Structures are given as C-alpha cells and as structure tokens.
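K.L.:
3D, please:
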Amino acid sequence: MFRPDPHDPFKDPAWRFRRASLLARHGGRATARGDDPRTRACARFLRGRGRRGGGRRCDPALAEAVALFESADPAWRRWEAEARLLAGQDDGAVAAACGLTAEGVQWYHALFFEVRPRLDAQVYITTVVLGPRLHRGLRADDAELLLKLFAYQRGPLVVGPLLRLLSGPPPAAPQRLDRLGDGALEELGGLLRLRLLVLSLTCPLEASTPGEAARLGAVFSAVRADRERAAAARDSGREALLPTAADSLKAVAASAGQPPAPQPEAA
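P.N.:
Numbers count the residues shown, from 1 in each chain. So this is what the prediction gives:
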C-alpha cells in the first residue's frame, strides 16, 4: 500500500490525500508512527462520509477542503486557490479571494496542494506541480496551467486580472480611448499586456505559413515593446497611457490576424 517517502524529491503535492484514500478504500489502518494527524483525520472522514451520520463529527474545514477538490466543472475557484498558493499568499488572503475559510485553505494545502515548503524549488514546481504539459507547448485553452504559471512567476497581483482574461471574452476595444477614465484606461492596458503575454506563450513554435510566422514575430516584438511603453506610461501619466493602450490594441489585433479597431482622434 502506498506510503509516501519523506525524502522523495518528487513527492506528489496530494500525497496525504492519496494515502488517506487508499486507507479508506482498502480498509488499511493508519498508525501514529507512519501517518500524521491530517492523514489520519482525512482517512476517518473518507470512511465515514458514506455512512449514516458518519460526517457529523468531521471538522467542517476538512469537509470544505474536500468539497473544493471535488467541485465539478468549471473549477475556476479551485484553480484560483491553487494559483494563489503558488503565488505565496497566506491562508487568510487565499480564503478572502476564493470565498473560503482560512482553516479550509490550511486543510486544502495539506491534503491536496502542499507546495509552500518547496516554492523556492523551481524545478520541482515546474516538473511535478505544473507537470509535463508545460514543456510540450502551451495552448490557448490551457487556462489552469497558464493561471498557475503566471501566479508562480509573477505573484498574486496577476491572478485576478488573468482570471478575468481567461474565463471571459477577450478585452473589447472601446470606441474612444480618450473617453475612458484613468483607472479604466490603466486596467484595459494591463489586460492587453496580459493578453500579449499569453499569446507569446501559446503561439505555435513552428508556424505553417509565412503569414503565421510574421504574426508570431509581431507578438514577441509587441511584448518587448509593450514593457518599455508601460514603464514610461507609469512615469508620464495619462498622456502616455493613451498611446500605450492604443498600441497594445493594435498588437493584439495583429497577432490574431485581425484589423485593428479604429480610434477616432481626440476631440
């Protein structure tokens, strides 16, 4: 029966749940010497929830964590919780963002996604936690993997905007950029920059036509140029935000092979 090796450098982040599931399914016996308290509690919960009244004495936070793991599609809340754990947020911050309790986040991390002890181990995160798909070429529909990768590399501030980008329609081009408030203009620019970064990771490495190759080159060029424009915009205020957002709109449209939305001259 599966028993995790404490020295395994490639330990599954869900090793406690795997062990508890086997104990519950095959009638194995957890021991204080070989299984920690959370593993034993999870095994008792899994055994008891199929019995009448078996879950009444269960820790509500443990039940919350299991319910989150078993939640049906779409699984955005689970993906967000795991992304925020990869971004290094504490239990309270993850709970507030995902509508959970801090205790539920503690249980979820312990049972299903124990990454905090190894957040500095980049090879472990990219190979074991994010998995081989990361190294085989990302696609635009790899929403879960993109969310976790960006969270791990760029921190918690990217999670909310990237969730909106991946779970909803692409950013729409307004009729007049100059009529947007400063906050809306900056938010649009941030979403467009994220869109460019996603495109740069998900465009095929081998383009099949010269036109696709040109668009792929345009995406990478736009990402590089956009970083410089965004830095200048933060220092120069609204006067720089307008052309930055407009240029980002053009770059996103060009990368998709679409004509850019017309932007009338400011009145």
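K.L.:
what bits of the stretch 151-267 of the chain have low per-residue confidence?
P.N.:
Applying pLDDT under 70 to the stretch 151-267 of the chain flags residues 171-182, 184-186, 204-267.
K.L.:
is it true that Trp107 touches Phe69?
P.N.:
No - assessed by Cβ atoms under 8 Å, Trp107 is found out of contact with Phe69, at 9.9 Å. Where you see a C-beta, it was placed from the backbone N, CA and C, and this is true even at glycine.
K.L.:
neighbour count for the two, which is higher?
P.N.:
Using other Cβ atoms under 10 Å as the criterion, Trp107 and Phe69 rank with Trp107 on top: 26 against 18.
K.L.:
what sits against that one?
P.N.:
Neighbouring residues of Trp107 by Cβ atoms under 8 Å, 6 or more residues apart in numbering: 38, 59, 61-62, 64-65.
K.L.:
mind checking which of those residues are in strands?
P.N.:
Judged by DSSP state E, strands contain none of the contacts of Trp107.
K.L.:
wait, which of the residues you listed is closest to Gly131?
P.N.:
The closest of the contacts of Trp107 to Gly131 turns out to be Ala65 (Cβ to Cβ; 21.5 Å).
K.L.:
count the residues that sit near the closest one.
P.N.:
29.
K.L.:
which residues touch it?
P.N.:
104-105, 107-108, 111-112.
K.L.:
restricted to buried residues, select those residues in ChimeraX.
P.N.:
Under the burial definition 16 or more other Cβ atoms under 10 Å, those of the contacts of Ala65 that qualify are selected in ChimeraX by:
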select :104,105,107,108,111,112
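K.L.:
any chance of the contacts of Ala65 in a markdown table with distance to Val159, secondary structure and pLDDT as columns?
P.N.:
Output for those, formatted as a markdown table (distance: Cβ to Cβ, whole Å; DSSP: H, G, I helix; E, B strand; the rest coil; pLDDT from 0 to 100):
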| residue | distance to Val159 | secondary structure | pLDDT |
| --- | --- | --- | --- |
| Gly104 | 18 | helix | 97 |
| Val105 | 14 | helix | 98 |
| Trp107 | 21 | helix | 98 |
| Tyr108 | 16 | helix | 98 |
| Leu111 | 22 | helix | 97 |
| Phe112 | 18 | helix | 97 |
